[in-house]
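Trainee: With the input below, show me the fold.
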Amino acid sequence: MNLMPESLRGYQRAWLVRDVVAGLTLAAVAIPEVMGYTSIAQTPIVTGVYTIIFPTLVFALLGSSRLLVVGADSATAAILAAGLTGLGVSGLKPYSQEWVAWCSLVALICGVLLILARLLKLGFIGNFLSASVLIGFLSGVGISVLTGQVPDMLGVPKSSGSWVEQQWGTITSVPDASLATVAFGLGTVLLILGFKRFLPVVPGAVVAVILSIVISTTTDAKKHGVAVIGSLQGGFPPVGLPGGFSWSDVASATTIAIGCFVLILAQSAATSRSFAAKHGERVDINRDLVGLSGASLAAGLTGTFVVNGSPTKTEILDEQKGRSQVATMTMAAVALLFVLFLTSLLTDMPVAVLAGIVFVIGLGLVDVVGLRRIRSRRMDEFVIACVTGVVVFAIGVEQGIILAIVLSLVEVIRRSYHPGDFVVGEGPAEQLSYTAAAAGVQSRPGLVVFRFDATLFYANATRFTDDVKAVVEGAPTPVRWLVLDCSSIDDVDYSSGLELSDLITYLHARGATLGLAHLDDSLLTTLRAYGVLDHVAPHMVFSTIEEAFGAWEARPPEASAPDDVVRRTGQE
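Mentor: Predicted structure coming up:
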């Protein structure tokens, strides 16, 4: 039995130094980043660092991806905070111990949902968030996150109410802004963006944190009206189950966990696959589900909030030439040392600096390039992405994730209900040609080879038969053979089986015969079970379309169509 973690199998000693260096760099970037995420989750700052200790270690030991970095994530943090706020629990306030306990409860439920997804093979659920919807959702989260940091960067109170009301409150508070606070916040943003543009090997967030602490300490910024972090409660992460919850509380937390669960499935799988493909490796998504489940359970048991596969931290690890999860283990070790011994160093760090770091993170989530690309290629999907994004920041993150799932499912249904259908003909050099199915189009005089590009099921079966009948009735020559190209039909449900039987009856009434081409064994078995093959002559079942054309040419002369009819395959 091989006890070596899957992500570390095949590890080479030559990678060790590079992995450790990459891990140290990753820790330098990730610690300020996850501290910033706590302003989104509305939890104490130290809980952000907790997300990259035990959750990261557990994923490294249980997951399959060599590079995926697991930790706090802005999108899941936003879903979490919005969900807890919407529960309306009496006395539940952000940053309180009770709030943290609820966050841990959500993380535990996420862990249970993820392991159920693995056992029931439900990992495909993450695929139901289309790329365009995910871009719109994350862009909306980015706008929500960055606008939420502006009050702290100005040194003014945050307004309540809807998103529009909050922005109006911030705008009207601008005259009351603290210039020193603005200097810290704006300086942080400029430093991070400047280093990213001109010296990307140096983490700008770390430089901003160090400089701000030095300046804040030497100038006693707190006396000049600049809000600072203050003393942090560090120490070893608290281990144990969050207590004091009823089953109704668990049910309420589950509604929040489901939103996080779907996003974790979609984002982690996409990140893991993309970086594995970049290095010519294969990733086991089902195995990663086990790792992500363990990571969420570890988060819930160590006093912090839900974690996710992080595209930004994974990209940093890849840029630093890290080769394995040894790098993330190094990061976790540094993070543990930080919470044990170094939290006092942050006492004088301005809150505006943390807000500036999160502002840049939110800015990075707004995928302008991706939106432009979608607009240039699929305007309908661009509109869907924009609507999703606007709902996220203008109405709420929870409503946004629900809309994202609904729109993605609607798109799946739309594509299944309205797939492409074609009449197949023979072009130059006997190459197959495909012409959109319409009245007046035939493969040969008297012959229609019909291709339907989707699985046949109850929702599209009637449309399928209607389209076939329209082609048959509109054909310039009476149709004698209708050959169905089944290469894109991998299954036929019971309702569709009935529709096929009715179609055969319809064809026989018009003096036509049904043929089938490109059937796989599974579809052949299904059609035989439905009794459809009882009405299809054995010689009308073809292995290929070319075989069907050959059989048509070799048919008895009395079945021939008139020679003077013009054949149409999309052109005359």
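Trainee: All the strands of this structure, in order from the start?
Mentor: Secondary structure of the chain (DSSP state E): strands located at 70-71, 308-309, 421-426, 432-436, 447-452, 481-485, 513-517, 541-542.
Trainee: So for Gln166, which of the ones you listed sits nearest?
Mentor: strand 308-309 (25.5 Å; CB to CB). From N, CA and C alone the C-beta is placed, and that goes for glycine too.
Trainee: gap between the closest one and the chain center?
Mentor: On the basis of CA atoms, centre = their mean, to the nearest Å, strand 308-309 sits 11 Å off its chain's mean C-alpha point.
Trainee: Can you give the strand pairings for it, parallel or anti for each?
Mentor: strand 70-71 (antiparallel) (DSSP bridges).
Trainee: related to what we said a few turns ago, take the strands of the chain and write them to JSON lines, including mean neighbour count.
Mentor: Below are the strands of the chain laid out as JSON lines (neighbours: other CB atoms under 10 Å):
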{"stretch": "strand 70-71", "mean neighbour count": "34"}
{"stretch": "strand 308-309", "mean neighbour count": "28"}
{"stretch": "strand 421-426", "mean neighbour count": "22"}
{"stretch": "strand 432-436", "mean neighbour count": "16"}
{"stretch": "strand 447-452", "mean neighbour count": "24"}
{"stretch": "strand 481-485", "mean neighbour count": "25"}
{"stretch": "strand 513-517", "mean neighbour count": "21"}
{"stretch": "strand 541-542", "mean neighbour count": "20"}
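Trainee: Compare those strands and give me the one nearest Asp380.
Mentor: strand 432-436 (18.7 Å).
Trainee: Next, the residues that contact that closest one from outside, please.
Mentor: By CB atoms under 8 Å, 6 or more residues apart in numbering, the residues outside strand 432-436 that reach it are 420-427, 441, 451, 545-546, 569-570.
Trainee: Need the max-distance pair from these.
Mentor: Longest span within these, CB to CB: Gly420 and Glu546, 21.0 Å.
Trainee: I'd say Gly204 and Val189 touch.
Mentor: No: Gly204 sits out of contact with Val189 when judged by CB atoms under 8 Å, with a separation of 9.4 Å.
Trainee: mind checking which of the strands of the chain is nearest Asp348?
Mentor: Nearest to Asp348, of the strands of the chain and by CB to CB, is strand 70-71 at 25.5 Å.
Trainee: How far away from the center of its chain is the closest one?
Mentor: 16 Å.
Trainee: again with stretch 182-195
Mentor: Worked out by CA atoms, centre = their mean, stretch 182-195 lies 30 Å from the chain centre.
Trainee: got a pLDDT number for the closest residue to Phe359 other than its chain neighbours?
Mentor: Of all residues not flanking Phe359 in the chain, Gln149 sits nearest, at 4.4 Å (CB to CB, 6 or more residues apart in numbering). We have a pLDDT of 91 for Gln149.
Trainee: count of neighbours near Ile504?
Mentor: Other residues lying near Ile504 total 18 when counted by other CB atoms under 10 Å.
Trainee: typo on my end, Leu80
Mentor: Around Leu80 there are 29 residues (other CB under 10 Å).
Trainee: what separates it from Phe542, distance-wise?
Mentor: 56 Å (CB to CB, to the nearest Å).
Trainee: just Phe549 next, same as before
Mentor: 9 Å.
Trainee: One more: Leu61?
Mentor: In terms of CB to CB, Leu61 sits 53 Å off from Phe542.
Trainee: Tabulate the strands of the chain in JSON lines, adding columns for mean pLDDT and distance to Val412.
Mentor: Shown next, in JSON lines, are those (pLDDT from 0 to 100; distance: least, CB to CB, whole Å):
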{"stretch": "strand 70-71", "mean pLDDT": "94", "distance to Val412": "28"}
{"stretch": "strand 308-309", "mean pLDDT": "90", "distance to Val412": "23"}
{"stretch": "strand 421-426", "mean pLDDT": "90", "distance to Val412": "18"}
{"stretch": "strand 432-436", "mean pLDDT": "89", "distance to Val412": "22"}
{"stretch": "strand 447-452", "mean pLDDT": "94", "distance to Val412": "17"}
{"stretch": "strand 481-485", "mean pLDDT": "95", "distance to Val412": "23"}
{"stretch": "strand 513-517", "mean pLDDT": "95", "distance to Val412": "27"}
{"stretch": "strand 541-542", "mean pLDDT": "94", "distance to Val412": "31"}
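Trainee: Now render those strands as TSV, adding distance to Leu507.
Mentor: Shown next, in TSV, are those (distance: least, CB to CB, whole Å):
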stretch	distance to Leu507
strand 70-71	57
strand 308-309	52
strand 421-426	16
strand 432-436	21
strand 447-452	10
strand 481-485	6
strand 513-517	5
strand 541-542	15
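Trainee: Those strands: which one's closest to Val339?
Mentor: strand 70-71 (13.8 Å).
Trainee: any residues touching that closest one, and which ones?
Mentor: 30, 34, 51-52, 55-56, 59, 63, 268, 291-292, 295, 307-310, 313, 328.
Trainee: 7 Å instead, please
Mentor: 30, 34, 51-52, 55-56, 59, 292, 295, 307-310, 313 (CB atoms under 7 Å, 6 or more residues apart in numbering).
Trainee: quick one: low-confidence parts of the stretch 401-550 of the chain?
Mentor: 429-430 (pLDDT under 70).
Trainee: With the chain instead?
Mentor: Looking at the chain by pLDDT under 70, you get 1-3, 7, 126-128, 429-430, 557-572.
Trainee: which one's the longest helix in it?
Mentor: helix 247-278 (DSSP state H).
Trainee: Contacts made by stretch 109-118 with the rest, please.
Mentor: Contacts for stretch 109-118 (CB under 7 Å, 6+ apart): 123, 125, 253-254, 257-258, 260-261, 264-265, 286, 289-290, 292-293, 296-297, 300, 306.
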